[in-house]
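[1] Dropping the sequence and predicted coords here.
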Amino acid sequence: MSSRDRSRTSLLSVFGDRGGKAVRYMVVGAAIGLGITGVNVVVPASDSPGAGAPVAVHQAGQADVAGQAAPAQQSAGLLGTGKAQQKQDMVDLGDGTKLAAWEMKDGVKEFVLTAAPMQWQAEPGGRVFDALSINGQIPAPTIRVNEGDKLRFVVKNEMPQPTAIHWHGMDLPNSQDGVPHLTQHPIAPGETFTYEWTAISTGTHWYHSHMHGDQEGRGLYGSLEVVPRLGEIQSDRDYRIIMGDGPLGFVFNGKSFPGTAQLRGAVGERIRLRLIGAGPEMVHSIHVHSGFFEVVAQDGHRKAIPERMDTITVSVGQTYDVIWVPTRPGKWMIHCHVFSHSETPNGMQGMVSIANIEPATARLPSIPGITSTG
Ligand SMILES: [Cu+2]
């Protein structure tokens with residue numbers, strides 16, 4: 001653990017008010033040790049070491065594991081059992097992405113990421129693209145780890161072209177940065193390259209091919225999430241919206257409307273949207289119908305003061321975490337407001353997703369399996 005991490009010590013708790021309910025906040029001083037003063041981040045107090053936010057999924061035929069959407073505080077999962085998690089299976093995250101599987105080996109979380117060509121249809125009945133996937137997925141598997149985890153990524157290149165994987169936003173050794181011809185030789189077709197680093201940078205980031213924009217545009221990107229020891233963003237739902245504008249068209253999580261995943265939630269829930277601009281070319285203005293959201297983090301870093309918006313501009317490489325608390329049930333549109341990215345004369349297309357918001361009394365399934373204590 002770096003001195004920077006150790007500096008993120010909780011200092012004091014105060015009481016605040018949100019939505020009419022008293023909510024306890026912790027104020028995390030982020031500046032000690034960095035020589036910066038006066039920079040405080042207000043975060044909810046639900047944070048426990050190693051806790052992950054609960055993640056809602058909706059899969060046909062899947063059992064309702066938790067019975068209802070549990071608030072973040074009650075979803076500590078394996079916490080307190082004293083048993084470190086040894087393995088994570090792939091989990092559907094209900095947003096069109098899947099949680100990456102890993103296995104603990106000698107204290108290191110090991111991920112195997114195989115890049116390979118794949119035929120990809122972004123929307124039902126649509127054109128079939130020559131795409132690139134990792135573990136057969138577009139976007140690549142969502143990597144979710146805890147701050148301080150030692151990580152190993154075994155990257156196998158089964159594509160007919162060289163590649164390298166960059167861990168965007170990560171504080172890591174130069175040799176692990178994944179820049180071909182600068183920090184490593186490109187991973188040749190048929191070869192394997194192993195990256196090893198420790199999760200220091202917290203929050204929402206992403207990983208992608210750094211070989212050239214075409215690989216990224218064809219699908220070689222995924223969410224990279226590091227759950228902080230302190231100060232995790234409290235939410236009832238946790239979804240990703242990764243914007244792509246390359247050869248696969250205008251896509252959210254690799255899909256064009258009506259192929260995009262439909263999100264679920266209920267009135268009053270804190271719905272976390274992790275907005276990630278994967279490009280490789282364009283800026284997108286993401287608008288959530290029905291009121292506003294709060295921007296709570298940018299590029300993984302908590303904002304000292306959350307900002308309320310209804311539309312946020314996400315450029316290539318940027319990430320934002322926003323919290324949306326729906327006030328009314330219905331089918332609410334989430335889309336890029338550049339209309340050529342989301343509309344045609346015949347209706348919606350491309351960067352459009354629908355959030356199905358149920359009444360506050362709804363009991364939606366959630367899956368606690370994502371809580372990781374390894
Ligand atoms: Cu757009």
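    Cool, the structure landed. Computed from a prediction, not measured in an experiment: that's the story for all the values here.
[2] closest point of the stretch 101-250 of the chain to the ion, which residue?
    In the stretch 101-250 of the chain, no residue comes nearer to the ion than residue 250, which is 6.2 Å away by C-beta to the ion. (C-beta placed from N, C-alpha, C; glycine too.)
[3] quick one, what contacts that residue?
    Shown in contact with residue 250 (C-beta atoms under 8 Å, 6 or more residues apart in numbering): 244, 256, 336, 341, 342, 349, 350, 351.
[4] So which of those belong to strands?
    244, 336 (DSSP state E).
[5] so where's the longest strand in the protein?
    strand 108-121.
[6] What is the neighbour count of the closest residue to residue 154 other than its chain neighbours?
    Nearest non-adjacent residue to residue 154, counting by C-beta to C-beta, 6 or more residues apart in numbering: residue 112, 4.8 Å away. Residue 112 has 18 neighbouring residues, counting by other C-beta atoms under 10 Å.
[7] what sits against residue 112?
    Per C-beta under 8 Å, 6+ apart, neighbours of residue 112: 135, 154, 156.
[8] Check which element follows the longest strand of the chain along the chain.
    Going down the chain from strand 108-121, the next helix or strand is strand 128-134, by DSSP states H and E.
[9] all strands of the stretch 151-300 of the chain, in order?
    Counting by DSSP state E, counting those that start in this stretch, the stretch 151-300 of the chain has strands at residues 165-168, 192-198, 203-209, 221-227, 237-244, 251-252, 263-266, 271-277, 284-288, 293-298.
[10] which one of these lies closest to residue 121?
    strand 251-252 (11.3 Å; C-beta to C-beta).
[11] Against which helices or strands is the closest one packed?
    Contacts defined by 3 or more C-beta pairs under 8 Å, 6 or more residues apart in numbering; DSSP states H and E place strand 251-252 against strand 237-244.
[12] State the mean pLDDT of the strand it packs on.
    Throughout strand 237-244, pLDDT has a mean value of 97.
[13] roughly how far is that strand from the heart of the chain?
    Centre-to-centre, strand 237-244 and its host chain are 6 Å apart (C-alpha atoms, centre = their mean, to the nearest Å).
[14] Also stretch 269-286?
    10 Å.
[15] Buried residues, that stretch. List them.
    Buried residues in stretch 269-286, defined by neighbour count with 16 or more other C-beta atoms under 10 Å: 269-280, 282, 284, 286.
[16] Pairing partners for residue 226 in the sheet, please.
    Beta-bridge pairing for residue 226 (DSSP bridges): residue 145, residue 203.
[17] my guess is it meets residue 202, correct?
    Yes - between residue 226 and residue 202 there is a contact under C-beta atoms under 8 Å: 4.6 Å.
[18] got any residues that touch both of those two?
    Joint contacts of residue 226 and residue 202 (C-beta under 8 Å, 6+ apart) are 147, 300.
[19] Just give me the neighbour total for the residue nearest to residue 361 when sequence neighbours are not counted.
    In this structure, residue 361 finds its nearest non-sequential neighbour in residue 266, 8.0 Å apart by C-beta to C-beta, 6+ apart. As a burial measure, residue 266 scores 22 neighbours (other C-beta under 10 Å).
[20] which residues touch residue 266?
    69, 326, 329, 357, 358, 359, 360, 361, 362, 364.
[21] ditto for residue 204
    Per C-beta under 8 Å, 6+ apart, neighbours of residue 204: 223, 224, 225, 274, 276, 297, 300, 319, 320, 321.
[22] Let's see that with 10 Å instead.
    Contacts for residue 204 (C-beta atoms under 10 Å, 6 or more residues apart in numbering) come out as 169, 223-226, 233, 240, 272-276, 297-301, 319-321.
[23] if we can go back for a sec, separation between the residue nearest to residue 361 and the ion?
    28 Å (C-beta to the ion, to the nearest Å).
[24] Who does that residue form a beta bridge with?
    Bridge pairing for residue 266 - DSSP bridges - gives residue 358.
[25] so where is this structure shaky, pLDDT-wise?
    Within the chain, the stretches with pLDDT under 70 are 1-82, 366-374.
[26] go again using 90 as the cut-off
    The model of the chain has pLDDT under 90 over residues 1-84, 212-213, 231, 291, 344-346, 361-374.
[27] just so I have it, where are all the helices in it?
    Assigned by DSSP state H, the chain shows helices spanning 3-6, 213-217.
[28] picking up where we left off before, ok, and which of the strands of the stretch 151-300 of the chain has the densest surroundings?
    strand 251-252 (a mean of 29; mean count of other C-beta atoms under 10 Å).
[29] Quick one: residues in contact with that strand.
    95-96, 120, 122-123, 138-139, 217, 219, 240-245, 257, 259-261, 275, 278, 284, 286, 334-336, 341-342, 350-353.
[30] The residue nearest to the residue of the stretch 101-250 of the chain closest to the ion when sequence neighbours are not counted: neighbour count?
    When the adjacent residues along the chain are set aside, residue 250 lies closest to residue 350, with 3.4 Å between them (C-beta to C-beta, 6+ apart). Using other C-beta under 10 Å, residue 350 is surrounded by 25 other residues.
[31] correct me, but residue 350 touches residue 342?
    Yes - counting by C-beta atoms under 10 Å, residue 342 is a contact partner of residue 350 at 5.2 Å.
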